[in-house]
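K.L.:
here are the coordinates; sequence isn't available:
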């Protein structure tokens, strides 16, 4: 499920950027992009929780690899989604 949410978050983030470049209202797309990023993280956390409940220690051994990727992708998602607001404020000065 986290993969689906992640792909949706990526697609909506690019829609957000496209809408900003096209001069359209991008704020709803930004909210959806950030929301799906949060849902991706929650789904990943649920997956790891299930591994703990099932005592699947070999699967849990992969968590440190996911952690770095999730931090990186979350930071990139936040920056890309708020970039239009930052650019808009910079342009008004």
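P.N.:
Yep, it's here. This one's a predicted model, so the numbers in the text were calculated from it and none came from an experiment.
K.L.:
C-alpha only now, for contacts and for neighbours.
P.N.:
Noted.
K.L.:
which residues sit in contact with the residue nearest the centre of the chain?
P.N.:
Closest residue to the average C-alpha location of the chain: residue 37 at 2.7 Å, with Cα atoms, centre = their mean. By Cα atoms under 8 Å, 6 or more residues apart in numbering, the contact list for residue 37 reads 5-6, 9, 74, 77.
K.L.:
Give me the phi and psi angles of the closest residue to residue 44 other than its chain neighbours.
P.N.:
In space, and not counting its chain neighbours, residue 44 is closest to residue 2: 5.6 Å by Cα to Cα, 6 or more residues apart in numbering. In terms of degrees, to the nearest 10, the main-chain angles of residue 2 are phi -60, psi -30.
K.L.:
Next, the residue nearest to the centre of the chain: phi, psi?
P.N.:
According to degrees, to the nearest 10, residue 37 has phi -60, psi -40.
K.L.:
Distance check, it against residue 73.
P.N.:
9 Å (Cα to Cα, to the nearest Å).
K.L.:
Is residue 59 in contact with residue 51, as I believe?
P.N.:
Yes: using Cα atoms under 8 Å, residue 59 is in contact with residue 51, at 6.8 Å.
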